[in-house]
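J.: Need a 3D model of the following:
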Amino acid sequence: MVRTLVVCEKPDAASRVARALDENGQPSKEQLYGVPYYECDTRSGEVVVCSALGHLYTLAAKGKPPRRFYPVWDYQWKPKNEAEPKKSARLRSWILAISSLAKGADRFVNACDFDVEGALIGWQILRHACAGADSHAQRMKFSTMTERELREAYKQLAPRLDLGLAEAGKCRHELDWLYGINLSRLLTESVVKNRAGYATLSTGRVQGPTLRFVVEREDEIGGHVPIPFWMIEASIKHEGRSYLLEYEKEKVETFAEADRIVHDCTKSILEITKIESSETRQNPPVPFDLSTLQSEAYRHFGYTPSRTLSIAEHLYLDALISYPRTSSQKLPPDIGYETILQGLSRRNDYSSLVKRLLKSSLRPNQGWKDDPAHPAIYPTGELPNRALGYQEEKIFDLISRRFMSTFAGPSTRLSSRMILENGSYRFFLHGSRIVDPGWTEYYRPYVKDVEQELPSLDQGRKVPMESIRALEKYSQPLPRYNHVSLLRKMEDENLGTKATRADIIEILYRRGYVKDQRMQATTLAIKVIGLLDKYCRLIIEPGFTGRLEDLMDQIRVGKTSRRRVLLEALDHLRPVMLDLVQREEEFGELLGETVTAQRVMEFTFETPCPECGSKLKIVRSRKTGKRFIGHAGVWDGTKKCGFSAPLPQFGSISILAKRCPNCGFQMVQARSPGRRPLISCPRCYAEKNRSAKVASIGSTGEARVGRKSTRSTSSPVSPQMA
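T.: A predicted model of the protein is given here:
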């Protein structure tokens, strides 16, 4: 009988695939070298389902060059446990287990995620751990983890692996490694050799151009010269209610003109010369692709793109949503619109909405973006078999309501405009109301229906000006990037992939290149980009990186080869690196001073000690290893008072420019990969804890006194005395 080995990307995926393929839905869970795998009984024979832990193979320099040696041009793919023995030692057991299982298999299937990374992970395992099984392996393609789709995907296996995807994945990793390791070692080593201490500095094929966007925006903000202008703020009053008017010019260029308008219109009479109305229809939103989901989650919940992707991947592995790493905005009919909606109707908060949708034909409003591998993100109609976490529930609800709203009709709004004139001056009063909510009913609370009623005044009516004034304003520079606007910029410039962009942004924070939610480039970032721009501008050019992305897309469809793309990239990188090696000392001098200054600045508060006014900084206890806020002289005996405040003990800590609205102390931010940043005020937190302890001691003392008084025959002691 045929024995099939199915290779999945992660253990959770292997568990679901095994349950779907087993005839009784109860596969036998076994272990080999401590690694779990599943044996399934199927009509076509025995099926063994195993998994990787993501990438089991990685790139490393050939031979054994010193750890910090550069430039490095010769590399090889190696098991991760050999390339990273400390960090990835346990992966040896996974490779051994898969190799042993492969020896008894007649047929092989790659069931890793159907994307570039999944194609590469599966190909490498089948080629190296399964002794060349990639040459005759088959491919299992699916977009959801539902049992129905997994069974169908297994019945319709592709006869061979998607080698174009795997080659594109290999090329991406090799390019990123060559650029990243050489340029990053240059930056790091130049600082170390300058005796500025060790600091991990990095740049790369995608990271460099991305950081350049942030630095260029910082330059624009710094070079912006505010230009004054004036806005006219006016109002009328009708039946006890004030209505704000809009002056015909959004901006008035000079104070003299603004002053004249205010003078001429104060206490004047306005005549309603015209009332206009028009209906506007707004089509439903298109289905979610990954970047749109990340944008909406950031807008409504404040979740970073990396956090949103992490949550979505958990929901995907629980078979609650489709594969999230997609750029498609299309929902093909074969996903089963009605079946999904009927599944969602089992939730009380969706049932009435679904009933209305099912009364008419189901045609989603689709976007123009497509993805050859996966449809847009959609709920599967399955209900959770566990209690979802707060953030998981939010993302699941957002995806479900977005899906339902795409099938609804357009919303209709009646917009009205009242024109009021006083001689040569013209003002507008705008109003709007919802005629038909359409899709907005399905997407609430993620869409706001703002209505503004016009006063009941007819054309020709005259009304007095209630108030008018000129407000001085100044032109503003473009705002700093946030997570989502930078993500969109990367997408527009074709930098990175939908799966990697969020991680690149997180790296910028970890390296100390940006700070705050509105990304402010640090002095270090400005210095790094300045040096790279001066000596190797091409490396941080978005156009060059975008061209490499296009070439990798061509590898995927067979229009060019991995070797050709690598050679073109090396033709640019090699001469640049040979020149930069000669400038290592110059880089060290320029970066070393900046690194030292930023290190001090990163851990020192601008806010002085609230008790003695001296400098405060982030320090670490020599006894417990815990970090806290204390005085700069905490260890040398020069501290002036006993003030201290606690800090979060997880993730990387950064001091924000933002001040606490309650006490004025500087806020701090704790960041961890895959988690929402925690922003808090250490002083308020310390005060809250102190108050809670005092209250706890007081209540404990009262209880103790109460117990004593019941046993004692003497006079009871008052709680205040306890």
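J.: Isn't residue 116 up against residue 167?
T.: No - the criterion here is CB atoms under 8 Å, and residue 116 misses it with residue 167 at 9.6 Å. To be clear about C-beta, it is placed using only N, CA and C from the backbone, and glycine gets the same treatment.
J.: Report the set of residues contacting both of those two.
T.: residue 556 (CB atoms under 8 Å, 6 or more residues apart in numbering).
J.: And what about residue 166, helix, strand or coil?
T.: helix (DSSP: H, G, I helix; E, B strand; the rest coil).
J.: who's in contact with it?
T.: By CB under 8 Å, 6+ apart, the residues touching residue 166 are 116, 119, 120, 122, 123.
J.: end-to-end on stretch 405-414?
T.: Terminal residues of stretch 405-414 are spaced 21 Å apart (CA to CA, to the nearest Å).
J.: got it, and stretch 418-431?
T.: Using CA to CA, one end of stretch 418-431 lies 8 Å from the other.
J.: From the chain's centroid, how far away is it?
T.: Mean-position distance between stretch 418-431 and its chain equals 45 Å (CA atoms, centre = their mean, to the nearest Å).
J.: just checking, residue 628 is part of a strand?
T.: Yes - judged by three-state DSSP, residue 628 forms part of a strand.
J.: So it versus residue 92, what's the distance?
T.: Distance, residue 628 to residue 92, using CB to CB, to the nearest Å: 40 Å.
J.: Strands of the stretch 201-350 of the chain, start to end?
T.: 228-238, 241-247, 269-282 (DSSP state E, counting those that start in this stretch).
J.: for the strand or helix carrying residue 98, packing partners?
T.: Secondary structure assignment for residue 98, by DSSP states H and E: helix 91-103. Contacts defined by 3 or more CB pairs under 8 Å, 6 or more residues apart in numbering; DSSP states H and E place helix 91-103 against strand 3-8, strand 28-32, strand 35-42, strand 45-51, strand 75-79, helix 80-83.
J.: How is this protein partitioned into domains?
T.: 3-161, 170-223+482-596, 228-283+411-474, 290-405, 607-686 (automatic domain parsing).
J.: Which one of those has the poorest average confidence?
T.: If you rank these by mean pLDDT, domain 607-686 sits at the bottom with a mean of 79.
J.: how about the domains of the chain in CSV, adding mean neighbour count?
T.: Below are these laid out as CSV (neighbours: other CB atoms under 10 Å):
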stretch, mean neighbour count
domain 3-161, 18
domain 170-223+482-596, 19
domain 228-283+411-474, 15
domain 290-405, 19
domain 607-686, 16
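J.: is it true that residue 476 lies in a strand?
T.: No - under the criterion used here (three-state DSSP), residue 476 is coil, not part of a strand.
J.: Would you state the secondary structure element containing residue 612?
T.: Judged by DSSP H and E, residue 612 forms part of no helix or strand.
J.: Hmm, residue 616 and residue 607 touching each other?
T.: Yes - if you go by CB under 8 Å, residue 607 and residue 616 touch, sitting 6.9 Å apart.
J.: what would the strands of the stretch 201-350 of the chain look like in a markdown table with distance to residue 688?
T.: Compiled in a markdown table, those are given as follows (distance: least, CB to CB, whole Å):
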| stretch | distance to residue 688 |
| --- | --- |
| strand 228-238 | 41 |
| strand 241-247 | 41 |
| strand 269-282 | 45 |
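J.: Quick check: which of those strands is nearest to residue 512?
T.: Nearest to residue 512 among the strands of the stretch 201-350 of the chain is strand 228-238 (36.5 Å), distances taken as CB to CB.
J.: Outside of the closest one itself, list whatever touches it.
T.: For strand 228-238, contacts defined as CB under 8 Å, 6+ apart pick out 242-245, 247, 249-255, 257-258, 261-262, 265, 270, 420, 427, 429, 455-457, 463-475.
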